[in-house]
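S.K.: Pasted the sequence and its predicted model underneath.
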Amino acid sequence: MTLEVPTKRQAVILVENEITDMECNASLLMILNTPLILYIIDHLLTQNVEQIFIACNLENKIKISTIIQNRYKSKVVQFIVCDETKSSGEIIRQISENSQLESDELIVIKGDVITTLQLDPILQFHRQNCRDGHVVTVVYRKNHIVNESRSDDDKTIVIIDGLTNRILKVDDRKIEKTNRPYYLRLSLNKETPKIEVHGDFMETGVFIFTRQGLSLFSDADNCDMNEFPEMFYPRILENDITNFKLHCYIAKDNEYSVRIRDIATFRKVSTEMLQRHGYPYTTDLNVFGYDYNMYGHNVVSHASSKVPLKILQKSKNVLLCERTTIGINTTLNNSVICSDCIVGEGSSIEDSQIFNGTTIGKNVQIISSVIGNNCIIEDDAIVSQKYLCENTIFGKDGIEKSTKPNDQLFTSRVQKHNASSLLRSGSARINLIDNDSDDEEQNSIDEEKQQPFSVFRSTVKRFIEAYFVNHEKHMLLTQITSLKATFNYSMSETVSAIIEAFLLIGDPNGTKTTLEQLKSLDTSWEILEKFTTNCDEQVEILFYLCEFCDDFKYFEPTFIYILHALHENEVVSEDAIWKWKEDCSNSEDYSRFIELSQGFLTALKNAQNEEENGDEEEEEGDDDEYEYEEVEEDEE
């Protein structure tokens, strides 16, 4: 008899996997600058889970409480403090005794899982099998050909009934890498008309327990099942007396779920997140299945896309979605191009995200930009550090036009992700709102979305910290560009936030020698070259630098060093420096910075004079040479 649908949907997160290489719990790992535990909680809430229990020890409770702070109501997210958390079996035994767990179908998810699994079909499958001793539904997904994210030592073989998905045997060969045969009880061979052996199943870390399944762990005879599910399988499946049954649910191809078991898996998943779902603050691309082909330097292209083979072989870190056409002599690097896009010949796309239905003309350059749906980029246009709303025409002259009726003005804002979105804070939907709308409720939402500059600066700082670890320059440029557009700050404010992050990285309290700290950044200033600004914006950057040094006094003596670094790396021009000096001269608050930089300004002025004199002498030399050649020609 099928169980009735419970009145309350409850879930338990098992926080037990400690990754020794990173000296932290897996649930605290940062995936795209967001702790993994937040992904799990947010996803469960989008799946209509009413109560979430985090089972962990006291130390991890303190850490996780600090992370989630007041994000969730106390009745929605609660903690179950366990004395022993080195084994998931022991955790389940302790939570099975908790009186707060009232549901007849308890969702149990490992704390090292990142997933987009939809729970409704899984629970429906579980209810259909809740009879004749069924105790647990195990969720697997088939390993994808592209970017497999299973652990290197995962050699698990799952044998199932091909008609009912009942699990007959799980042969875990992570440690024992042998070629020994697989054995099944003779009775199973007779009773099961169709037996399937799978080596392509990956454990997702998601399980559905019945009350009877939970009770197994409170039984003294079964409580030695420390490692769940590894020791659970042979205990249940190979015991003729208990006659308990397990069934497996196979996730759909467009669902993602991976366990981060070790440092190697963490790196694979982090890379896979970027490649499968684009860059932060872009849509969930939903790139799955077997219709994608992989080429040389991490290039993934859908079979329906029309791309010259030469381009696929020369490109690097590119994802091309369905029905996309790429012209000849095109350069593609570190970019994601969504479905139904057309790219003209001779164009170049670097460090960018191109949304669906976009048409790009010939000889177009797109650098570190995000292009919305159904945009048109005209021939010979240069799009650098831009965030274009959907239905925008970008001309060769750099002018943006909307294709909406009546030439209405639209502005982009970040909409809250939908239930199926994986990247909680690293993903966003481009949504266009009419400025002339009378919807007061919508306007209030927009006001709430405007983040203070302090939040923007702290987010930039996290991106910079990640850059100093992975040294992925193209990733940082795209992240900063998208972040700038999301918060709607000017280029000068963005560059100022980057400079502040550079100066404070690794030394927030000024404990190091300041000059040594600055010298360690010599190779990093070049990143700012990509963020081109006009003269007025450069002046704003210099004033911001003055305010920064005023707040952090220990940087003030090195003001001239920072100014020189910005000038050397073409972040601020000479014209901007002279304009800044002129403006500072009229303000007592900034006059001391003119005095600090007097030596640099003098050297800069002398260099300009020498350059001008050199140009004049060169012009005179050219004139004399021209006259000499004419005389020589006349003599001939």
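M.R.: Yep, that arrived.
S.K.: Tally up the residues packed near residue 387, please.
M.R.: If you count neighbours by other Cβ atoms under 10 Å, residue 387 ends up with 19. Just so you know, the C-beta spots here come from the backbone N, C-alpha and C atoms, and that holds for glycine as well.
S.K.: Just to check, it is in contact with residue 369?
M.R.: Yes: using Cβ atoms under 8 Å, residue 387 makes contact with residue 369 at a distance of 6.9 Å.
S.K.: Identify the contacts common to those two.
M.R.: residue 481 (Cβ atoms under 8 Å, 6 or more residues apart in numbering).
S.K.: so where's the stretch 201-350 of the chain shaky on pLDDT?
M.R.: 215, 217-243, 267, 270-292 (pLDDT under 70).
S.K.: same thing with the stretch 1-150 of the chain?
M.R.: 1-7, 17, 19-23, 31-34, 84-90, 96-97, 144-150.
S.K.: And the strands in it, which stretches?
M.R.: 10-14, 18-19, 24-25, 30-31, 34-35, 51-56, 77-81, 105-110, 113-115, 134-142 (DSSP state E, counting those that start in this stretch).
S.K.: right, and residue 111 touches residue 18 too?
M.R.: No: with contact defined as Cβ under 8 Å, residue 111 does not count as touching residue 18 (10.3 Å).
S.K.: the more surrounded of the two?
M.R.: When residue 111 and residue 18 are compared on other Cβ under 10 Å, the one with more neighbours turns out to be residue 111, at 28 against 16.
S.K.: who are the neighbours in contact with the more buried one?
M.R.: By Cβ under 8 Å, 6+ apart, residue 111 lies in contact with 13-17, 25-27, 36-37, 40, 54, 56.
S.K.: List phi and psi for it.
M.R.: Reported as degrees, to the nearest 10, the phi and psi values for residue 111 are phi -80, psi 0.
S.K.: gap between it and residue 562?
M.R.: Computed as Cβ to Cβ, to the nearest Å, the residue 111 to residue 562 distance reads 43 Å.
S.K.: cool, and residue 550?
M.R.: In this structure, residue 550 lies at 13 Å from residue 562, with Cβ to Cβ as the measure.
S.K.: and if you look at residue 597?
M.R.: With distances taken as Cβ to Cβ, residue 597 is found 10 Å from residue 562.
S.K.: Could you do residue 492 as well?
M.R.: 16 Å.
S.K.: again with residue 71
M.R.: As for residue 71, its distance to residue 562 is 37 Å (criterion: Cβ to Cβ).
S.K.: Compare those two and say which one has the larger neighbour count.
M.R.: Neighbours per residue, other Cβ under 10 Å: of residue 71 and residue 562, the larger number sits with residue 562, 21 against 11.
S.K.: In three-state terms, how would that one be classified?
M.R.: Assigned state for residue 562: helix (three-state reduction, DSSP: H, G, I helix; E, B strand; the rest coil).
S.K.: where's the nearest residue in space to residue 64 that is not next to it in sequence relative to residue 458, distance?
M.R.: Spatial nearest neighbour of residue 64, excluding adjacent residues (Cβ to Cβ, 6 or more residues apart in numbering): residue 37 at 5.7 Å. Distance of residue 37 to residue 458, given as Cβ to Cβ: 19 Å.
S.K.: Of the two, which one has the most company?
M.R.: When residue 37 and residue 458 are compared for neighbours, residue 37 comes out ahead with 24 against 13, by other Cβ under 10 Å.
S.K.: was I right about the more buried one contacting residue 14?
M.R.: No: if you go by Cβ under 8 Å, residue 37 and residue 14 don't touch, sitting 11.6 Å apart.
S.K.: what sits against residue 129?
M.R.: By Cβ under 8 Å, 6+ apart, residue 129 lies in contact with 137, 164, 166, 245, 247.
S.K.: For these, give me TSV that also has neighbour count.
M.R.: Output for the contacts of residue 129, formatted as TSV (neighbours: other Cβ atoms under 10 Å):
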residue	neighbour count
137	27
164	14
166	18
245	19
247	21
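S.K.: with those in mind, which one is nearest to residue 330?
M.R.: residue 137 (47.7 Å; Cβ to Cβ).
S.K.: So that closest one sits against residue 204, correct?
M.R.: No: the pair residue 137 and residue 204 does not pass the contact test of Cβ under 8 Å, sitting 11.3 Å apart.
S.K.: on that earlier part again, which residues do residue 111 and residue 18 both contact?
M.R.: 25-26.
S.K.: The closest residue to residue 459 other than its chain neighbours: how many residues sit nearby?
M.R.: Distances taken as Cβ to Cβ, 6+ apart put residue 483 closest to residue 459, at 6.0 Å, once the chain neighbours are dropped. For residue 483, the count of nearby residues is 19 (other Cβ under 10 Å).
S.K.: again, but for residue 305
M.R.: Neighbour count of residue 305, defined by other Cβ under 10 Å: 21.
S.K.: helix or strand for residue 607, which one?
M.R.: helix 598-635 (DSSP states H and E).
S.K.: about what we covered before: tabulate the strands of the stretch 1-150 of the chain (a markdown table), appending distance to residue 581.
M.R.: Output for the strands of the stretch 1-150 of the chain, formatted as a markdown table (distance: least, Cβ to Cβ, whole Å):
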| stretch | distance to residue 581 |
| --- | --- |
| strand 10-14 | 58 |
| strand 18-19 | 53 |
| strand 24-25 | 49 |
| strand 30-31 | 42 |
| strand 34-35 | 43 |
| strand 51-56 | 57 |
| strand 77-81 | 55 |
| strand 105-110 | 60 |
| strand 113-115 | 52 |
| strand 134-142 | 62 |
